[in-house]
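J.: Fold the following, please.
(one chain, ligands or ions: 1)
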Amino acid sequence: MFRTIEWLDEEQAVRLVDQTKLPLVTGHIITTSHERVAHAIKIMEIRGAPAIGAAAGMGMALAAIESKSKAKDELLDFLEKAAVTLNTRPTAVNLTWATSRMLSVARNSKGSAADIVNILVDEAKEIAEEDIRMCRSIGEYALPLIKPGFTIQTICNAGSLATVHLGTVGAVIRVAHEKYDGSIKVYAAETRPRQQGARLTVFELMEDGIDTTLITDGMIGTVFREGRIDCCVVGADRILRTGHVTNKIGTYTMAITAKYHNIPFYVAAPMSTIDMQTNSDDIEIEERNGNEVRMINGEYITVPSAKVYNPAFDTTPPELITAIITDKGVVKNPNENKMRKMFES
Ligand code: MRU
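T.: Model prediction:
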């Protein structure tokens, strides 16, 4: 299992697994620059909502070190700018959650600029450690929903590589797999256009010896109809107070198909993914470069000038969701009332 992102104490640097080359090449990026972390998030060297949250936290810690300001006001100004620089992807709420948390720790500190730098480094490390604890807890809360021998359908990558370690969906799978003597099986949807399912989920689950079958996104209806799947478990980039879930493009189609076939549809995510403010019509869905669709592995697979629409995420309404599994418990048949109770607790 991967430690996707790590703070290196001696070097005062961040180390990331470079996810753009996986599974063929395993490489790392080591940097002391918050701008380089922002770039890594933007070009998806690191991706997945909790992982980019942890990266943004560490990016803020690097910015504090880089600022070299002796005056607290100057440091805070520098950090405000760094937060803007790091917020390079709009949909996953974990990014602004992490930068806002780091800013508020800095603003509320009574210490000197030098103290704030140390406090921010500790806070960034704590965000990462918390993420690992939250994932484990998601896996444990999910256990009663998963039975021995279950085959789980997932999409994109919400495994170790999408978090600091273990994963959200990754935790649901791994905790059940451990508990049920290795009897859990997984179907991973390829997840066009960036192929996180094929490149990352299949890779990390196979590394852990979990029986994993790769399908293309268009095969989901067929595997559901053939009775191959016991439940779906997907991650989330943003969960609203209404229970709407924004996740990788294709999730909504999978949820509709699951409903038609009476297959339970679960969403696994930490509390840092919950956004109690935004309305479902106001979520900014990232639209990515059309060449992601026009090309595979750097080669055109269509007319190079083909018109493309490439939204990276979609939003699934609560009526299609059987339960949301968080690190604080499970919300069955989510609605605003239940989400509020969970959040306020
Ligand atoms: O574009 P990506 O690869 O960052 O999208 C990732 C997803 O949609 C994941 O399912 C989501 O972030 C949850 S990760 C635990």
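J.: roughly how far apart are the residue nearest to residue 196 when sequence neighbours are not counted and the ligand?
T.: Beyond its immediate neighbours in the sequence, the residue positioned closest to residue 196 (CB to CB, 6 or more residues apart in numbering) is residue 157, lying 4.1 Å away. C-beta here means a position set from N, CA and C on the backbone, and glycine is covered the same way. Remark: distance between residue 157 and the ligand (CB to the nearest ligand atom, to the nearest Å) = 6 Å.
J.: Which residue, other than its chain neighbours, is closest to residue 198?
T.: Nearest one to residue 198, counting by CB to CB, 6+ apart, is residue 190 at 4.5 Å.
J.: Go ahead and confirm that neighbour touches residue 216.
T.: Yes: with contact defined as CB atoms under 8 Å, residue 190 reaches residue 216; the gap is 4.9 Å.
J.: Give me the more crowded residue out of the two.
T.: residue 190 (22 against 12; other CB atoms under 10 Å).
J.: Next one: the more buried one from residue 91, what distance?
T.: 20 Å (CB to CB, to the nearest Å).
J.: so who does the residue nearest to residue 196 touch?
T.: Residues counted as contacts of residue 157 (CB atoms under 8 Å, 6 or more residues apart in numbering) are 47, 48, 191, 196, 197, 199, 200, 201, 204.
J.: and with 6 Å instead?
T.: 196, 200, 201 (CB atoms under 6 Å, 6 or more residues apart in numbering).
J.: quick one: which of the residues you listed is nearest residue 241?
T.: When those are compared for distance to residue 241 (CB to CB), residue 196 comes out closest, at 27.2 Å.
J.: number of nearby residues for the closest one?
T.: Look at residue 196: counted by other CB under 10 Å, it has 27 neighbours.
J.: now swap in residue 332 and tell me
T.: 12.
J.: OK, contacts around residue 46?
T.: With CB under 6 Å, 6+ apart, residue 46 has these contacts: 16, 40, 55.
J.: if we go to 7 Å?
T.: 4, 5, 16, 19, 40, 52, 55 (CB atoms under 7 Å, 6 or more residues apart in numbering).
J.: count of neighbours near the fourth one?
T.: With neighbours defined by other CB under 10 Å, the count for residue 19 comes to 25.
J.: Shouldn't it be within a strand?
T.: No: assessed by DSSP: H, G, I helix; E, B strand; the rest coil, residue 19 does not belong to a strand; its assignment is coil.
J.: returning to that earlier point: now, which of the contacts of residue 46 lie within helices?
T.: By the criterion of DSSP state H, membership of the contacts of residue 46 in helices covers 40, 52, 55.
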